[in-house]
Every structure is written in structure tokens, then in C-alpha cells.
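[1] Output the structure for:
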Amino acid sequence: MKEVCVLGSTGSIGLQTLSVLKENDNSFSLVGISCHSNADIIYQQTKEFKPRFVAIDIIEKDHPLKDLCSNNNIELIIGENSSSILSSKIKADLVLNAIVGTSGLEPTFNIINNGIDLAISNKESLVLAGHIIMPLAKKKNVNIIPVDSEHSAIYQCMIGEKKDSVEKIILTGSGGPFLKRDLSTFKSILPEEALKHPNWDMGKKISIDSATMMNKALELIEAMWLFDISYEEIDIVIHPQSIVHSMVYFKDGSYKAHLGVPDMKVPILYALTFPNRSSSNVGSLDFKSLNLSFEKPENERYPVLGLSEKLIKDGGNRVAVMSIANDYIVQQFLDKKINFEDMFTTLVDTVKRFENDSSPSIEELITLDKNIRLYFNSK
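    Down below sits the predicted model:
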């Protein structure tokens, strides 16, 4: 039985992961879970799965989770960076990092440093510190199995292939809910509109990132590190149906494409069972009714794609600043402090404020996050 720990267990990916574990309870044992502050949900998860460790940053003084853990000999970790503390002490066969945003970086580093295989949904870890994470994983002989549907697709297409046979990676994206919306109306987009993804059931932050296509900018950078490939060898293509999750083009002129229903339980199950496969009940495609289309993303509609390419070229800490700042900018939009178009201009301004030419260490990235957080809290 494979022992699994899930960091970020109360978020969208975390909830779906625990659902997959429940459906395959004869194959997995859940030994640890963590969240930021959703005590009621993690209480129910603890009650059902009885893990050895539970971690939460913020909890009410008299919340019943405390008694539940105490009565069942479960170690409860409370306080700031509880997921990082858990990740530094957990013993498991696999840890799935489903933490959203920059907070997932330190746990990723700890897991790999402890020699534990990592299923990664936290793309920010590699966007911020791929230059540190990937060499460390090689040194520790750790498997990093991507959970994002696009990177899972590429990962599966690359199995059995030599890296020098790859000509290009084609990263697909739905285009989000505003693919055909009049650009002149973007200033009036409401958060509730941006949260309505046409195909995927996702959390709030990734849904907004999909609407701006920041998710694709981050995924391109993540793919560079995961597959040791330059950004010039990656194409982003709009695919509104979200059926082809990504493709690999080989130098002999052939393509491999990964297709499937748009359900995150598919890449989650693959990551959990790797290198094997297990049966699922997500359903299959009806090829007789499929109508697939692809198109080039418009720069005016998705300006962050052009910005990210420029920041990759410029180097230094600029990509890291973009990724960290985006966490806080998305929250400002969700809180209706800025409008949809302001997100991009605020991002550009923040990069200019914090950019430098150095390649940041883990400690410098954590400090950068604190400084950018203070900057946005002061606004």
C-alpha cells in the first residue's frame, strides 16, 4: 500500500485527490494532510482518513479538530508555515503538493531534499526555483510527476522517447471564459464572470489565471524546467474544447497528443499510481461527436504571454517577481480593489519595482515574497 501525503488538501486539487484516494482505498494510505485555514473541511478529512499528521496555519482556539487529533493520536501542527513544517518531517512514498501560489515553494524543496517522490500541482515551485529544484531532484534521485493536465500530458508523451528527438512541445490552453469577448469590455469584467471557466472545475486563483492566461505563461516556464527545454521550443495554442491536453512534435515529423475528458482526477490518478495505471470512472470520449479546433492566442487579449517571454529573456529574478506578484494581484481583483485590465498594468509596475539581475536562492525568494506582500498590503 502506497503511503501518500497531500499538502493543500482543502483546495480544489486537494479535494479531488482525496476523492481519488477514497475510490482507491485498497491501494493508498493517507498519512498527512495540510491546509491554510479551512479548519472545518480538514476536520472532516481527518475524521474520515485518520492520517498521522495534520497541519493548519490558522485555527480557532476551541475548534474540535484539536480534540479529534488528540483523541486519535494524530500529531497536529498549528501556526505559520505549518505545511513547510509537515513537509520537513513527513515520511511517505509520495507527497502531492496542491498548495496554491508561492507558499508551495518551501514544501517542495523540503520534500525533494528528504528524498521523497513528488507529485506537483504547485507550478510556482518550478517557476520560482526550477534552477534549484531540478538539480536537487536529480541529486536525490527523486521523481517529480506533474499533476497539471498539460504537463501530465507532455510527461506521458515523452515516456520512451529521447530528449534529442523532440522538436517542439505544444502547450494547449482553453483561452478561458473571455476567448471571444469584445476587448473594449474587459475593464468591466467582474470576478464572478472570470471564475466561470467553460470546461474545468478549478479553484479561484487558477480560474482567474486561466482568464488572463497567466496560467499558460507559468506553465510554459514550468515546462522549460520539467523537460529541460528552451522557451523557443514551446508553442502555446488555444484549444477551446480542452480535449487535447498537450502535444509533442518530434523531429521525424510525427506528433504525440494526449487526449481525455477535462477532469483533473485523470492526471491526479496517474500521478498517484505512476509508473502504473489504475481504472477510473471519469468516462470516455465520444469521438463521433468531437469537433476540435486550434488557434493562435491574441497578444492584445492575453498580454501576459508577451510579458512573460520578455522576462524570461531578461533573466534575473524577473520571472519570480511576476509569479509572486500575480498571487496578490489576483486577490486584489477578487476583492474588487482593481479591475480586470488593471491586473496587467499592476503586474508590469511591480516587476519594475522589484526586478534585479541576480538568480535568487530559496531564502531570497522567501524574502522577496514577504517584501511583495508588504508592498501590496500597504497599498
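
[2] which sections of this protein are below the confidence cut-off?
    In the predicted model of the chain, residues 200-201 satisfy pLDDT under 70.

[3] In it, which residue sits furthest out from the middle?
    Most distant residue from the mean C-alpha position of the chain: residue 71, 34.3 Å away (Cα atoms, centre = their mean).

[4] Tell me where the chain has strands.
    Remark: strands assigned in the chain by DSSP state E are 2-7, 28-35, 53-56, 75-78, 94-97, 117-120, 144-146, 166-173, 234-238, 244-250, 255-259.

[5] Given the fifth one, what are its sheet partners and their directions?
    Taking DSSP bridges as the criterion, strand 94-97 sits next to strand 2-7 (parallel), strand 117-120 (parallel) in its sheet.

[6] And the ones you listed: which comes nearest residue 266?
    strand 117-120 (13.3 Å; Cβ to Cβ). Where C-beta positions appear, they are placed from N, C-alpha and C, glycine not excepted.

[7] Other residues contacting the closest one?
    Residues from elsewhere that reach strand 117-120 (Cβ atoms under 8 Å, 6 or more residues apart in numbering): 93-97, 108, 111-112, 126, 137, 142-147, 268, 271-272, 274.

[8] C-alpha coordinates for it, CSV please?
    C-alpha atoms of strand 117-120 as CSV (Å, rounded to 0.1, in the frame of the first residue of the first chain):
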residue,chain,number,x,y,z
ASP,A,117,8.9,11.4,-4.7
LEU,A,118,6.8,14.5,-5.5
ALA,A,119,3.5,14.8,-7.4
ILE,A,120,3.4,18.5,-8.2
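
[9] Buried residues of it, list them for me.
    Using 16 or more other Cβ atoms under 10 Å as the burial criterion, the residues of strand 117-120 that qualify are 117, 118, 119, 120.

[10] So the third one versus residue 270, what's the distance?
    Right, the one you point to is residue 119. Here the criterion is Cβ to Cβ, to the nearest Å. By it, residue 119 lies 9 Å from residue 270.

[11] overlap in contacts of these two?
    In contact with both residue 119 and residue 270: residue 145, using Cβ under 8 Å, 6+ apart.

[12] start to end distance for stretch 166-184?
    This stretch, stretch 166-184, spans 40 Å end to end (Cα to Cα, to the nearest Å).

[13] again, but for stretch 198-205
    Note: stretch 198-205 ends 15 Å apart using Cα to Cα.

[14] hmm, who's touching it?
    For stretch 198-205, the external contacting residues (Cβ under 8 Å, 6+ apart) are 11-13, 100-101, 174, 176-177, 195, 207, 210, 240-242, 262, 264, 327, 330-331, 334.

[15] coming back round to it: need the strands paired with strand 94-97 in JSON lines (columns: distance to residue 66).
    Rendered in JSON lines, the data for those read as follows (distance: least, Cβ to Cβ, whole Å):
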{"stretch": "strand 2-7", "distance to residue 66": "20"}
{"stretch": "strand 117-120", "distance to residue 66": "29"}
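
[16] that older thread, closest one to residue 307 among the strands of the chain?
    Among the strands of the chain, strand 234-238 comes nearest to residue 307, with 13.3 Å by Cβ to Cβ.

[17] by how many degrees do that closest one and strand 166-173 diverge?
    With axes from the mean of the first three to the mean of the last three Cα atoms, to 10 degrees applied, the angle from strand 234-238 to strand 166-173 works out at 30 degrees.

[18] Just the C-alpha atoms of strand 234-238, please, in CSV.
    Provided in CSV are the C-alpha atoms of strand 234-238 (Å, rounded to 0.1, in the frame of the first residue of the first chain):
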residue,chain,number,x,y,z
ILE,A,234,7.4,25.6,-26.8
ASP,A,235,4.3,26.8,-28.6
ILE,A,236,1.1,27.9,-26.9
VAL,A,237,-2.0,27.1,-28.8
ILE,A,238,-5.6,27.9,-27.9
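
[19] in that strand, what's buried?
    Buried-residue list, strand 234-238, by 16+ other Cβ under 10 Å: 234, 236, 237, 238.

[20] pretty sure residue 177 contacts residue 196?
    Yes - counting by Cβ atoms under 8 Å, residue 196 is a contact partner of residue 177 at 5.3 Å.

[21] ok, the two, which is more surrounded?
    With neighbours defined as other Cβ atoms under 10 Å, residue 177 and residue 196 compare such that residue 177 has more, 18 against 11.

[22] check contacts around that one.
    So residue 177 contacts 193, 194, 196, 197, 198, 210, 211 (Cβ under 8 Å, 6+ apart).

[23] Residue 43 too?
    Counting by Cβ under 8 Å, 6+ apart, residue 43 has contacts 63, 64, 65, 68.

[24] Could you turn the buried ones of the residues you listed into a ChimeraX selection?
    Filtering these down to the buried ones (16+ other Cβ under 10 Å) takes a single ChimeraX command:
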select :65,68
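
[25] There's contact between residue 6 and residue 96 in this structure, I believe.
    Yes - the pair residue 6 / residue 96 is scored as a contact, 5.0 Å apart, by Cβ under 8 Å.

[26] shared neighbours, the two?
    Residues touching both residue 6 and residue 96 by Cβ under 8 Å, 6+ apart: 14, 17.

[27] in stretch 354-372, what's buried?
    354, 355, 360, 362, 365, 366, 368, 369, 372.

[28] quick one on the thing from earlier: in a markdown table: the strands of the chain, plus distance to residue 317.
    Formatted as a markdown table, the strands of the chain follow (distance: least, Cβ to Cβ, whole Å):
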| stretch | distance to residue 317 |
| --- | --- |
| strand 2-7 | 25 |
| strand 28-35 | 28 |
| strand 53-56 | 29 |
| strand 75-78 | 31 |
| strand 94-97 | 22 |
| strand 117-120 | 21 |
| strand 144-146 | 23 |
| strand 166-173 | 24 |
| strand 234-238 | 21 |
| strand 244-250 | 28 |
| strand 255-259 | 33 |
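
[29] can you tell which of those strands is closest to residue 278?
    The nearest among the strands of the chain, by Cβ to Cβ, is strand 28-35 at 10.0 Å.
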